[in-house]
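Colleague: fold the following, please.
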Amino acid sequence: LYLIHAFDKADHLQTRMDNRPEHVAYLKSFGEKLHAAGPTLDAAENMNGSLVVLDLADLAEAEAFAANDPYAKAGLFEKVIIQPWKKVLP
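Modeller: Numbering: from 1, shown residues only. Predicted structure coming up:
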């Protein structure tokens, strides 16, 4: 499993909203490889990033996922962290 944690650029909420349908469709295209996905929120509960957990073959595949995300292509992200992740619970 790979965890992809992306942080939005400041003042880019409209970019997120404009590209959200394509982003959601992209996530859904991974079918059962997708374990979890959703936006991160600030203190006022405004979306400010994304967290995705995917079952992928290797780091290269995770990097390709992140690079091809419609949000990334639209220039939404300030920073993206990709790490291997081990599910323990539940």
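
Colleague: what does the longest helix anywhere in the chain contact?
Modeller: Counting by DSSP state H, the longest helix found in the chain is helix 13-28. Identification of contacts with helix 13-28 by C-beta atoms under 8 Å, 6 or more residues apart in numbering yields 8-9, 34, 37, 39, 46-47, 50, 52, 68-71, 74-76. For glycine as for every other residue, the C-beta is placed from the backbone atoms N, C-alpha and C.

Colleague: buried ones in it?
Modeller: Neighbour counts over helix 13-28 (16 or more other C-beta atoms under 10 Å) mark 15-16, 19, 23, 26-27 as buried.

Colleague: returning to that earlier point: nearest to residue 2 among the contacts of helix 13-28?
Modeller: When the contacts of helix 13-28 are compared for distance to residue 2 (C-beta to C-beta), residue 52 wins out at 8.4 Å.

Colleague: pLDDT score assigned to the closest one?
Modeller: With respect to pLDDT, residue 52 has a value of 98.

Colleague: now the phi/psi pair for it, please.
Modeller: phi -130, psi 140 (degrees, to the nearest 10).
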